[in-house]
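S.K.: Turn this into a structure:
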Amino acid sequence: MYLETKQFDDPNILLEVQDLNKKFCQDIWHNMLYGIQDISKSLVGRKSNYHQLRTKEFWALKDVNFQLREGEILGIVGANGSGKTSLMRVIGNIYANESGNIYARPNIKITGVYALRSGMQPLYTGRENIYLKGALYGMTKQEVEEQLDFIISFSELGERIDQPFGNYSSGMRARLAYSIALATDPDIFILDEALAVGDAVFKTKCYENLKERVKKPGKGVLFVSNHVRKILKVASRTLIMDNGSIIHDSTNIPEALQFYILNCLKDISEEARQRQLQRVKDYDF
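M.R.: Now for the predicted structure:
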């Protein structure tokens, strides 16, 4: 199911997710079998029961509900496998959802950064990769050329823009890929661990840019990261995910992150939880 447009009663809402569900299969054999069964049923006019789990299936997302509002940098936090990336990919129309709805303001533009350097070719120059990656984001040649100076300037590559992309360091590659995504000028910017690579100075510039970006009318950010310090510095609101569901929603970022850490440690004793929480604070807060 793709995004549906909606005129919200509250003009500050950019995106609304309602009762969203998504399931996956644990092995390829069952996945292929269920795919054949579902296609066969559809050919004879029957519908599969997507609300029921079959053998080897599990819920990647279960009854997810939230809104993104203008001016928000919404941090999405959760342990590995909690459903963060699945949620972002359903919103970005990479995955289809089983049930539920996703509504967006009419004419809204969404850019998702998932695998930052995907589609970029090592034998092409940085400049050539700008045109290639821009096309993958749906930009026309004219739009890319209008943003070319911005991309080169923001990535800080200078004359190295005409060197082969494969000769760049991992940080340089990340800087160029991120700058191209930023140049699409999205209304909703989805960042899934997009700033995990790169030097501290460039990351700081990116965080400051995000904060300035959401001050403009009609802009919002979905920011996925497990790096506590990043969320503390950037997010204005935080969702905590666990087992495919949102278990906490708060604008009190330090309190929300403490909730997240304690939830990750829920299977150990209270005394041990508090000791481990302090260790995490010492290193990551």
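S.K.: Extract the CA atoms of stretch 131-145 and return them as PDB.
M.R.: Extracted as PDB, the C-alpha positions of stretch 131-145 are listed here (Å, rounded to 0.1, in the frame of the first residue of the first chain):
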ATOM      1  CA  TYR A 131      23.900  12.800 -11.800                       C
ATOM      2  CA  LEU A 132      23.400   9.100 -11.300                       C
ATOM      3  CA  LYS A 133      22.300   9.300  -7.700                       C
ATOM      4  CA  GLY A 134      20.200  12.300  -8.400                       C
ATOM      5  CA  ALA A 135      18.300  10.400 -11.100                       C
ATOM      6  CA  LEU A 136      17.700   7.600  -8.600                       C
ATOM      7  CA  TYR A 137      16.100  10.200  -6.400                       C
ATOM      8  CA  GLY A 138      13.900  11.300  -9.200                       C
ATOM      9  CA  MET A 139      15.700  14.500 -10.000                       C
ATOM     10  CA  THR A 140      15.900  15.700 -13.600                       C
ATOM     11  CA  LYS A 141      19.200  16.700 -15.300                       C
ATOM     12  CA  GLN A 142      18.300  20.300 -14.900                       C
ATOM     13  CA  GLU A 143      17.400  19.900 -11.200                       C
ATOM     14  CA  VAL A 144      20.800  18.200 -10.600                       C
ATOM     15  CA  GLU A 145      22.600  21.000 -12.400                       C
END
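S.K.: residue ranges for the strands of the stretch 151-285 of the chain, please.
M.R.: With DSSP state E, counting those that start in this stretch as the criterion, the stretch 151-285 of the chain has strands at 188-192, 220-224, 237-242, 245-250.
S.K.: is it possible to export the ones you listed to CSV including mean neighbour count, mean pLDDT and distance to Arg213?
M.R.: Every C-beta, even on glycine, is put in place using the N, C-alpha and C of the backbone. Listed next are these as CSV, based on neighbours: other Cβ atoms under 10 Å; pLDDT from 0 to 100; distance: least, Cβ to Cβ, whole Å:
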stretch, mean neighbour count, mean pLDDT, distance to Arg213
strand 188-192, 23, 93, 7
strand 220-224, 25, 95, 7
strand 237-242, 22, 95, 16
strand 245-250, 16, 96, 22
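S.K.: Turn those into a markdown table, including distance to Asn65.
M.R.: Below are those laid out as a markdown table (distance: least, Cβ to Cβ, whole Å):
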| stretch | distance to Asn65 |
| --- | --- |
| strand 188-192 | 17 |
| strand 220-224 | 15 |
| strand 237-242 | 10 |
| strand 245-250 | 7 |
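S.K.: wait, which of those is closest to Ser40?
M.R.: strand 245-250 (31.6 Å; Cβ to Cβ).
S.K.: who does that closest one touch, helix- and strand-wise?
M.R.: Using 3 or more Cβ pairs under 8 Å, 6 or more residues apart in numbering; DSSP states H and E, the elements in contact with strand 245-250 are strand 57-69, strand 237-242, helix 253-264.
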